[in-house]
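1. predicted structure and sequence below. I'll ask about it afterward.
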Amino acid sequence: MKNKTFFLLILAMTLLLSSCIEITQHIRLENNTIINNTRIVIQKALLTMAQSYGNDSDLSSLEFNDETIYQISEQIPKENFVSIKKVNNELENGLEITVRYPRTKRPTVQNDDVAPIFYPYLKNKTLVVEFNNMSSTNIDENNQMVSAILSGFKYRLFIDSSVLSSPKKATLYTKDEETTYTMPLINYSNFTLVEISMAYLLSGQSLRLVIE
């Protein structure tokens, strides 16, 4: 009975908080250069609610402090770096990161696991996004609640029509390409939205998203 209650608590927290973390990325093309803006925010209600349930998990890794900003700025090549802005208001805490790079070349970063910053690039007539072996194991493996919550979050990619106009499908491939997943894709008048569950990105596998 105790285990069942704990499971239901995790399930309730996951469903309740699945929209409390947002990773949204907007890309557009200017003079053959991709302008990539990534916004990573966590709603402060997540931390408050977790504490109200008596959860002793270390959720400090979900906050964004000066050390985090420094680590991210160090990982981005100087020629690609534009800005990092801290988001801190009554509801949210997070970062807004802007980088720029050639349309057909992904920047080579020193360490791409400090923050979920992805670098979509054009290849022939497709847009490619590579996810290199992200995993939730950097969080305490015994912290089942945090892992369950994170699995409900989504990564949203907004693609300006200057980058790719009215694509038809978005496919997520595993590294060996033996397994594929069709991702939700919605076309609007001036942009396209693609959504991916963080459950895929935190699977520990290297993945590749192809939009065409």
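-> Good, I have the coordinates. Numbering: from 1, shown residues only.

2. strands along the protein, start to end?
-> 21-30, 33-43, 81-88, 92-102, 121-123, 126-131, 154-160, 170-174, 180-183, 185-187, 191-197, 207-211 (DSSP state E).

3. put together CSV for those, with mean pLDDT and mean neighbour count on each row.
-> From N, CA and C alone the C-beta is placed, and that goes for glycine too. Listed next are the strands of the chain as CSV, based on pLDDT from 0 to 100; neighbours: other C-beta atoms under 10 Å:
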stretch, mean pLDDT, mean neighbour count
strand 21-30, 89, 18
strand 33-43, 89, 20
strand 81-88, 89, 14
strand 92-102, 90, 18
strand 121-123, 95, 17
strand 126-131, 93, 19
strand 154-160, 94, 20
strand 170-174, 95, 18
strand 180-183, 93, 14
strand 185-187, 95, 14
strand 191-197, 94, 19
strand 207-211, 94, 20
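
4. make JSON lines out of the ones you listed and add distance to Thr68.
-> Shown next, in JSON lines, are these (distance: least, C-beta to C-beta, whole Å):
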{"stretch": "strand 21-30", "distance to Thr68": "14"}
{"stretch": "strand 33-43", "distance to Thr68": "10"}
{"stretch": "strand 81-88", "distance to Thr68": "9"}
{"stretch": "strand 92-102", "distance to Thr68": "7"}
{"stretch": "strand 121-123", "distance to Thr68": "25"}
{"stretch": "strand 126-131", "distance to Thr68": "20"}
{"stretch": "strand 154-160", "distance to Thr68": "18"}
{"stretch": "strand 170-174", "distance to Thr68": "27"}
{"stretch": "strand 180-183", "distance to Thr68": "28"}
{"stretch": "strand 185-187", "distance to Thr68": "31"}
{"stretch": "strand 191-197", "distance to Thr68": "23"}
{"stretch": "strand 207-211", "distance to Thr68": "24"}
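
5. which one of these lies closest to Val109?
-> strand 92-102 (9.7 Å; C-beta to C-beta).

6. got the angle for that closest one vs strand 21-30?
-> Interaxial angle of strand 92-102 relative to strand 21-30 (axes from the mean of the first three to the mean of the last three C-alpha atoms, to 10 degrees): 30 degrees.

7. CA atoms only: put strand 92-102 into CSV for me.
-> C-alpha atoms of strand 92-102 as CSV (Å, rounded to 0.1, in the frame of the first residue of the first chain):
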residue,chain,number,x,y,z
GLU,A,92,9.9,31.9,-13.4
ASN,A,93,13.6,31.4,-13.1
GLY,A,94,15.8,30.6,-16.1
LEU,A,95,17.9,31.7,-19.0
GLU,A,96,17.6,33.0,-22.5
ILE,A,97,20.6,32.2,-24.7
THR,A,98,21.2,33.5,-28.2
VAL,A,99,23.9,32.1,-30.5
ARG,A,100,24.6,32.4,-34.2
TYR,A,101,26.4,30.1,-36.7
PRO,A,102,26.6,29.2,-40.4
